[in-house]
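Novice: sequence-free structure coming up:
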């Protein structure tokens, strides 16, 4: 069976064996982020082209109360003039818009996502840097950052004029998404190292993980491990633990400790890899499970990853089920795996193989 990118594949030679291959040095976390299968998918953000406005004093920009009263009486607004004025006085600051936008953006519908982005665009125009970061990072995730030139210009000004280390980190992510790894590495290091940056900035752990990934791509394993160790051991960055685990001896206690750290912070791939380690131990001991319970922690870790939407674990659970005579339960996992683009082909191939086996036996 085809290996899924950078996970520890447990599937080999169809359903004839449940083997474990060695870990890959660059795990699945390098893939572009994708929406969870349990959340309705929305389209990417649309760039906003208006020029930045100059932030002005809130009190000076408030409308006359009479204007608001007229709008309320005519039905143009559905709240009282006093409430509207109070909201304008205390509610509409760039930071508040950013926080509201970030909260609403977690909602599933397209209308909610669009409204959230409008709030973030407005906050960015008024100089709220966090909103600008949020917009650019989302654009990177959707692969459309080059269409957000106005926001990239604001980011550039933060780097050039303000020497903002968080802006340097985001700039590193932009360059990394464009394949400019050497330039990206330079900015990630400026963001986290004196005199321009420090490990105290928001997102320092993420910057170190990106640094490590670039170094791995450059075949500089030693420095990559240093970056991952800083991210994991100094900043408790979950993804740092995952990458650090990949540099350890396969199946070693140290690797397992790092994977457990990553899994406890929600890394589905770490859960999957822990399942692979426990399954390998069962095979090494020569055991032949008679029920799903006999798979012990291997089953539990695969179940944890599969329940969170990790396709390869769904396939593995399907094979475990079939191995102990629970083919109907295995088919249920294959049906779920078909909904995951990365493993859809494999799920269909397994179902086809199982059908062929049944025909031969009939």
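Specialist: Cool, the structure landed. Just so it is clear, the structure is predicted and the values come from calculations on it, not from any experiment.

Novice: next helix or strand past the lowest-mean-pLDDT helix or strand in the chain?
Specialist: Taking mean pLDDT, DSSP states H and E as the measure, helix 58-61 is the helix or strand of the chain with the lowest mean score, a mean of 58. Downstream of helix 58-61, the first helix or strand assigned by DSSP states H and E is helix 65-73.

Novice: Contacts only, for residue 227.
Specialist: Residues near residue 227 by Cβ atoms under 8 Å, 6 or more residues apart in numbering: 208, 209, 211, 212, 215. For the C-beta atoms, the positions are set from N, CA and C on the backbone; glycine is no exception.

Novice: Could you do residue 120 as well?
Specialist: Residue 120 neighbours (Cβ under 8 Å, 6+ apart): 97, 98, 101, 102, 105, 131, 134, 135.

Novice: Looking at the residues you listed, which is nearest residue 199?
Specialist: Nearest to residue 199, judged by Cβ to Cβ, of these is residue 134 at 21.9 Å.

Novice: which element is that closest one on?
Specialist: Going by DSSP H and E, residue 134 is in helix 129-141.

Novice: Just the mean pLDDT for the helix or strand following that helix, thanks.
Specialist: Using DSSP H and E, the helix or strand that follows helix 129-141 in sequence is helix 149-162. Averaging pLDDT along helix 149-162 gives 96.

Novice: Now find how far off-centre helix 149-162 is within its chain.
Specialist: Chain-centre distance of helix 149-162: 25 Å, with Cα atoms, centre = their mean, to the nearest Å.

Novice: what's the distance between residue 295 and residue 305?
Specialist: 14 Å (Cβ to Cβ, to the nearest Å).

Novice: Show me how this structure divides into domains.
Specialist: When the chain is parsed with automatic domain parsing, its domains come out as 112-154, 163-266, 267-362.

Novice: would you turn those into a markdown table with distance to residue 85?
Specialist: Shown next, in a markdown table, are the domains of the chain (distance: least, Cβ to Cβ, whole Å):
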| stretch | distance to residue 85 |
| --- | --- |
| domain 112-154 | 19 |
| domain 163-266 | 34 |
| domain 267-362 | 46 |
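
Novice: Out of those domains, which gets nearest to residue 47?
Specialist: Per Cβ to Cβ, nearest to residue 47 of the domains of the chain: domain 112-154, 4.7 Å.

Novice: just for the stretch 251-362 of the chain, where's the confidence low?
Specialist: Across the stretch 251-362 of the chain, residues meeting the criterion (pLDDT under 70) sit at 362.

Novice: which residue ranges form the helices in it?
Specialist: For the stretch 251-362 of the chain, the helices defined by DSSP state H, counting those that start in this stretch occupy 253-264, 268-284, 296-307, 311-323, 327-337, 344-361.

Novice: Would you convert these into CSV that also reports distance to residue 158?
Specialist: Conversion of the helices of the stretch 251-362 of the chain to CSV gives the following (distance: least, Cβ to Cβ, whole Å):
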stretch, distance to residue 158
helix 253-264, 32
helix 268-284, 33
helix 296-307, 38
helix 311-323, 39
helix 327-337, 43
helix 344-361, 42
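
Novice: which phi and psi does residue 198 have?
Specialist: Main-chain dihedrals, residue 198, degrees, to the nearest 10: phi -160, psi 170.

Novice: Please apply the same query to residue 79.
Specialist: Torsion angles, degrees, to the nearest 10, at residue 79: phi -130, psi 160.

Novice: Apart from its neighbours in sequence, what residue is nearest it?
Specialist: residue 72 (7.0 Å; Cβ to Cβ, 6 or more residues apart in numbering).

Novice: Okay, the one you found and residue 65: tell me how far apart.
Specialist: Distance, residue 72 to residue 65, by Cβ to Cβ: 10 Å.

Novice: Residue 107 too?
Specialist: 33 Å.

Novice: out of those two, which sits in the busier spot?
Specialist: A direct count of neighbours by other Cβ atoms under 10 Å for residue 107 and residue 65 places residue 107 higher, at 15 against 12.

Novice: Surely that one is in contact with residue 101?
Specialist: No. Applying Cβ atoms under 8 Å as the test, residue 107 and residue 101 come out as separate, 10.9 Å apart.

Novice: Now render the contacts of residue 120 as JSON lines, adding distance to residue 288, neighbour count and pLDDT.
Specialist: Formatted as JSON lines, the contacts of residue 120 follow (distance: Cβ to Cβ, whole Å; neighbours: other Cβ atoms under 10 Å; pLDDT from 0 to 100):
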{"residue": "97", "distance to residue 288": "61", "neighbour count": "22", "pLDDT": "83"}
{"residue": "98", "distance to residue 288": "57", "neighbour count": "23", "pLDDT": "88"}
{"residue": "101", "distance to residue 288": "55", "neighbour count": "24", "pLDDT": "84"}
{"residue": "102", "distance to residue 288": "51", "neighbour count": "16", "pLDDT": "87"}
{"residue": "105", "distance to residue 288": "50", "neighbour count": "19", "pLDDT": "85"}
{"residue": "131", "distance to residue 288": "58", "neighbour count": "27", "pLDDT": "96"}
{"residue": "134", "distance to residue 288": "52", "neighbour count": "23", "pLDDT": "95"}
{"residue": "135", "distance to residue 288": "55", "neighbour count": "26", "pLDDT": "96"}
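
Novice: Find the residues that touch each one of residue 107 and residue 101.
Specialist: Common neighbours of residue 107 and residue 101 (Cβ under 8 Å, 6+ apart) are residue 116.

Novice: Do I have it right that residue 324 meets residue 288?
Specialist: No. Residue 324 is not in contact with residue 288 according to Cβ under 8 Å; the separation is 9.6 Å.

Novice: In terms of packing, which of the two has more residues around it?
Specialist: When residue 324 and residue 288 are compared for neighbours, residue 324 comes out ahead with 17 against 9, by other Cβ under 10 Å.

Novice: With that, I have no additional questions.
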